[in-house]
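Colleague: would you be able to build a 3D model of this:
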Amino acid sequence: MPRRAYHLIGSLGWVIAILSLLAQEGHPLTGTWAGDWGPTITQRTHLTLVMNWDGKNISGTINPGPDAIPLASVYLDVTNWTVRIEADTKDPSGKAVHIAAEGRLEDLSSYHRRIEGTWHQGTAQGDFRITRD
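Modeller: Just a heads-up that it's a prediction; the model follows:
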């Protein structure tokens, strides 16, 4: 086989390897995200979000476990990398509480990308920051 053919096959192999590595990462929101939200630097509530892309929709939960909150909707605007997350939960007395968070996906090229923005939970509001694990 001519030397040029070996070079072409070798280059094609590298391209395939790189593309397969990129494909393994999947949707930019898929994964487990950890961080916190709160109205001040000293008043913070821990957050864990698990999100999954099924090919059409993003689903998931806030704080998985016995008190998990299912995500009602997740919207990603890829033109400016903004994210909107909504969910419904209940306060300790059983009253319905709506959660609405809007943020921007930061450090997109990193596996440990972040989402930072505003968090509204019932009448409380503050900022939030989560990082993909």
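
Colleague: return the set of buried residues in stretch 121-133.
Modeller: Using 16 or more other Cβ atoms under 10 Å as the test for burial, stretch 121-133 gives 121, 126, 127, 128, 129, 130, 131, 132. In this view, the C-beta of every residue, glycine as well, is placed from N, C-alpha and C.

Colleague: any idea of the pLDDT on the residue nearest to the first one when sequence neighbours are not counted?
Modeller: With sequence-adjacent residues excluded and distances taken as Cβ to Cβ, 6 or more residues apart in numbering, residue 121 is closest to residue 99, at 4.9 Å. Among the per-residue scores, residue 99 holds a pLDDT of 98.

Colleague: and the one helix or strand residue 99 maps to, what's buried?
Modeller: Element membership of residue 99 [criterion: DSSP states H and E] is strand 96-106. By neighbour count on 16+ other Cβ under 10 Å, the buried set for strand 96-106 is 99, 101, 102, 103, 105.

Colleague: swap in stretch 67-82?
Modeller: So for stretch 67-82, counting by 16+ other Cβ under 10 Å, buried means 69, 71, 74, 76.

Colleague: go ahead and name everything in contact with it.
Modeller: 28-29, 49, 51, 57-63, 83-89, 99, 102-105, 108, 117 (Cβ atoms under 8 Å, 6 or more residues apart in numbering).

Colleague: try it again with 10 Å
Modeller: Contact with stretch 67-82 is made by 27-29, 48-53, 57-63, 83-90, 97-106, 108, 113, 115, 117, as judged by Cβ atoms under 10 Å, 6 or more residues apart in numbering.

Colleague: send me that stretch as CSV with only the CA atoms.
Modeller: Output of stretch 67-82 as CSV, limited to C-alpha atoms (Å, rounded to 0.1, in the frame of the first residue of the first chain):
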residue,chain,number,x,y,z
ASP,A,67,-38.2,14.7,48.7
ALA,A,68,-37.2,14.9,45.0
ILE,A,69,-38.8,17.7,43.0
PRO,A,70,-39.5,16.7,39.3
LEU,A,71,-38.6,19.3,36.8
ALA,A,72,-41.8,20.5,35.0
SER,A,73,-39.8,22.1,32.1
VAL,A,74,-36.3,22.9,31.0
TYR,A,75,-35.6,25.2,28.1
LEU,A,76,-32.2,25.8,26.6
ASP,A,77,-31.7,28.7,24.1
VAL,A,78,-28.6,27.8,22.1
THR,A,79,-28.4,31.2,20.5
ASN,A,80,-27.3,32.8,23.8
TRP,A,81,-26.9,29.7,26.0
THR,A,82,-29.6,30.7,28.5
